[in-house]
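> I would like the atomic coordinates for the input below:
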Amino acid sequence: MIITDNLLTLFLETRSHSEEICAPLEIEDYVIQPIVDVSPPKWHLGHATWFFEEFILVKYIKEYVRFHPDFAYVFNSYYESMGKRVVRTDRGNLSRPTVSEIYDYRDYVTTHLQSLLEESENQEMFQLVEIGIHHEKQHQELLLTDIKYILGNNPLLPKYNDTFTESPEVVNVSEYITIKEGIYEIGYKGNDFCYDNELGVHKVFLPEYAIANALVTNKEYIEFINDGGYKNSLFWHAEAWDWINANHINKPLYWHHIKDQYHQYTLRGLLPVADNTAVTHISYYEAYAYAQWKGERLPTEFEWEVAQQFFDWGSRWEWTESAYLPYPNYSKASGALGEYNGKFMVNQKVLRGGSVATPNNHTRSTYRNFFHPELRWQFTGLRLVKNK
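Numbers count the residues shown, from 1 in each chain. Just a heads-up that it's a prediction; the model follows:
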């Protein structure tokens, strides 16, 4: 079947790409977990593999033998219905299984799933494999951002490699695109893969607004810093003001002030901050405060989705003003897969677009990413909106 051939190719490419991301690492890098939000690279490699084993191989191969009887406990993430698991904060304490064992585990599961795809015509199974592929693509982005956090918090500031370009230049002069008042359709309408949180096409009413055609740059953000933006409580939510003061936040993550110039740690090492690249590694709190300082605001996710056809996007996950909530008539999947998105729809903000770390063929204009408002280890940025 054509669908099987295409799916098999995508599966094998995805499995290979995760390992390519880890190729520049030293063995010692695989185990580190500096903070709760950052998982060790070897855990990501194991967890993406566990997903295929538990959700597909165990279900569709009669008398399938798991690679290791305890790996389900080690590599389950947050799936309560799938059994007990290692506490998230303890992932960095796992010197065993070894990196070598995890790569053997990956080979074992990849080989079994390849054989299953070559022999089966089960459409339900194909859909689960597709979900597993995109699940691993999500972890490929997390691999890169977690690796950056691990290396970027090493006092030696070691480089990951010499080729990863994380800050393409913003080529557009910032102008504002007017979107007329009206009723617009929101949500995924195609036939290809999407997540359940994108489904439920529905209509929203939007008053007229004007949205920037370019992301806020480092140069613009430095103006905010130099004007005392981090010292003026009037720009900040109360919770955000407490957060920046408790954590001594006064610039984006990975920035260092050296000899009167800002530098930033990148995957290519420590580099001067370039004026005409998009600011990144900022929290929702910081994005909101910057917009307040400018006398403007962040777009809602609906405003972003309607306007995205008129500007370039994809180098930064863009904070929106929207809370992460279900669309009308949202329905969670049955069983453990229902834990994938629905249970996180509280106390988080939606981000749109994609980033330099997002794998190919993984994002789209309806994709709804989501994080807690204080987090900034992802490649996050902002775009401004003016009311008309």
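
> how about low-confidence regions in the chain?
1-5, 78-83, 335-336, 338-339 (pLDDT under 70).

> and the strands in it?
176-179, 182-186, 202-206, 209-212, 255-258, 261-266, 269-272, 317-323, 349-353, 369-371, 380-381, 385-387 (DSSP state E).

> so which of these is the most surrounded?
Highest mean neighbour count of the strands of the chain: strand 380-381, a mean of 27 (counted as mean count of other CB atoms under 10 Å). C-beta coordinates here come from the backbone N, C-alpha and C atoms, glycine included.

> and the nearest residue to Tyr184 once chain neighbours are set aside, what is it in contact with?
Nearest residue to Tyr184 in three dimensions, chain neighbours excluded: Val306, at 4.8 Å (CB to CB, 6 or more residues apart in numbering). Residues near Val306 by CB atoms under 8 Å, 6 or more residues apart in numbering: Ile179, Tyr184, Ile186, Leu206.

> Pro207 is in contact with the second one, correct?
Okay, so that is Tyr184. No: proximity of Tyr184 to Pro207 does not meet the contact threshold set by CB atoms under 8 Å, at 11.5 Å.

> returning to what we had before: what would the strands of the chain look like in a markdown table with distance to Leu234?
Shown next, in a markdown table, are the strands of the chain (distance: least, CB to CB, whole Å):
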| stretch | distance to Leu234 |
| --- | --- |
| strand 176-179 | 24 |
| strand 182-186 | 33 |
| strand 202-206 | 28 |
| strand 209-212 | 23 |
| strand 255-258 | 23 |
| strand 261-266 | 24 |
| strand 269-272 | 31 |
| strand 317-323 | 18 |
| strand 349-353 | 21 |
| strand 369-371 | 25 |
| strand 380-381 | 23 |
| strand 385-387 | 19 |
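
> who wins for proximity to Arg66 among the ones you listed?
strand 369-371 (31.8 Å; CB to CB).

> now do the closest one: which elements does it pack against?
If you count contacts as 3 or more CB pairs under 8 Å, 6 or more residues apart in numbering; DSSP states H and E, strand 369-371 packs onto strand 349-353.

> now tell me what touches the strand it packs on from outside.
Here strand 349-353 makes contact (CB under 8 Å, 6+ apart) with 284, 301, 304-305, 308, 313-324, 363, 367-373, 378, 380.

> could you rerun that using 7 Å?
284, 301, 304-305, 313-314, 316-320, 322-324, 368-371, 373, 380 (CB atoms under 7 Å, 6 or more residues apart in numbering).

> how distant is that strand from the center of its chain?
9 Å (CA atoms, centre = their mean, to the nearest Å).

> equivalent analysis for stretch 37-50, please.
14 Å.

> quick one, phi/psi of the residue in the chain sticking out farthest from the centre?
Distance from the centre of the chain peaks at Glu63, with 35.9 Å (CA atoms, centre = their mean). The phi/psi pair for Glu63 (degrees, to the nearest 10) reads phi 60, psi 30.

> contacting residues for it?
Per CB under 7 Å, 6+ apart, neighbours of Glu63: none.

> with Ser39 instead?
Ser39 makes contact with Gln33, Arg91, Asp146 under the criterion CB under 7 Å, 6+ apart.

> same deal with Lys148?
Applying CB under 7 Å, 6+ apart to Lys148 gives the contacts Tyr160, Leu267.

> distance of it relative to Pro168?
Using CB to CB, to the nearest Å, Lys148 is found at 16 Å from Pro168.

> could you do Leu25 as well?
24 Å.

> neighbour count for those two, which is higher?
Neighbour count, other CB atoms under 10 Å: between Leu25 and Pro168, Leu25 has more, with 18 against 15.
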